[in-house]
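> Show me how the following folds:
(one chain, ligands or ions: 1)
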Amino acid sequence: MTRLLLHACCAPCSLEPVRLLEQEGFEPTICWTNPNIQPRDEHRRRFEELECWTEAAGIPLIEAEEDWDRWEATVAPIGALRRENRCRACYALRLEEACRVAVREEFTYIATTLAVSPYQLFDICNDVLGKLARAHGLTPVVRDFRPWYPEATRRSRELGMYRQNYCGCRFSAAEAALDRARLRDERKAAKFAARGEQGVPAGDGACPVA
Ligand code: SF4
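Sure thing, here's the model as predicted:
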């Protein structure tokens with residue numbers, strides 16, 4: 001088996017990458033460093049779920065350093081309107097720390113669970129991983145785990161894992177809430193249309209995160 005450091009954002013997103021990488025002959029050690037997750041209670045909850053699962057599954061877990069101030073100073077100012085730039089900086093901050101740990105612990109290979117979800121920016125994430133890994137003398141293992149996202153959802157539900165409904169930062173919490181409100185409104189509008197009615201009842205469609 002070949003040792004590989006797998007940066008992980010949460011337990012549900014780690015399920016399929018670990019299984020698939022093991023099938024390829026890798027032996028993943030999970031690395032946690034996610035100072036993007038807010039609020040702190042949410043951060044703790046996601047970490048504890050990962051800790052619980054890795055312990056039960058016999059997967060080594062490294063809790064790396066998390067620079068909250070640096071996230072606020074370098075990622076947060078990019079703000080809500082430039083999501084691609086913001087997420088690129090956020091991926092870089094976390095993967096840089098994972099690369100640092102990989103070098104310290106004498107790994108050759110590094111991968112991440114960050115782009116498991118189809119809601120993530122796959123190309124940007126892997127571009128960041130590739131550049132940082134090579135700059136640290138590591139080999140990036142880039143795989144498209146997105147086709148297994150439904151299976152990860154199914155397995156994590158079956159295992160009773162905690163499943164968050166936003167990426168991590170306060171911007172993503174607001175973006176996800178708006179998306180849910182938009183989908184709810186679209187479903188209602190479709191229902192009204194199917195019944196031959198017009199308009200949306202007063203009060204519906206209001207922003208839930210004003
Ligand atoms: S949406 Fe996710 S990846 Fe992007 S900045 Fe927020 S926490 Fe980071």
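> Would you map the strands across this structure?
Assigned by DSSP state E, the strands in the chain fall at 2-7, 26-32, 61-63, 109-112, 139-140.
> Quick one: closest of these to the ligand.
Checking the strands of the chain against the ligand by CB to the nearest ligand atom gives strand 109-112 as the closest, at 11.3 Å. Placement of C-beta: from N, CA and C, glycine included.
> does the ligand sit close to the closest one?
No: judged by CB under 6 Å from any ligand atom, strand 109-112 stays clear of the ligand, getting no closer than 11.3 Å.
> Stretch 46-60 too?
No: counting by CB under 6 Å from any ligand atom, the ligand is not contacted by stretch 46-60; separation bottoms out at 11.5 Å.
> returning to that earlier point: go through the strands of the chain and pick out the most buried.
Across those, the average number of neighbours (mean count of other CB atoms under 10 Å) peaks for strand 109-112, which reaches a mean of 24.
> contacting residues around the closest residue to Cys87 other than its chain neighbours?
For Cys87, ignoring the flanking residues on the chain, the nearest one in space by CB to CB, 6 or more residues apart in numbering is Leu121 at 5.2 Å. By CB atoms under 8 Å, 6 or more residues apart in numbering, the residues touching Leu121 are 83-84, 87-88, 91, 115.
> And these, which is closest to Cys169?
Cys87 (9.2 Å; CB to CB).
> Okay, buried residues for the longest helix anywhere in the chain please.
Secondary structure of the chain per DSSP state H: the longest helix is helix 170-194. Using 16 or more other CB atoms under 10 Å as the test for burial, helix 170-194 gives 171-176, 181, 189.
> and if you look at stretch 54-61?
So, applying 16+ other CB under 10 Å, buried residues of stretch 54-61: 54, 59, 61.
> can those go into CSV with extra columns for pLDDT?
Below are those laid out as CSV (pLDDT from 0 to 100):
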residue, pLDDT
Thr54, 98
Ile59, 98
Leu61, 98
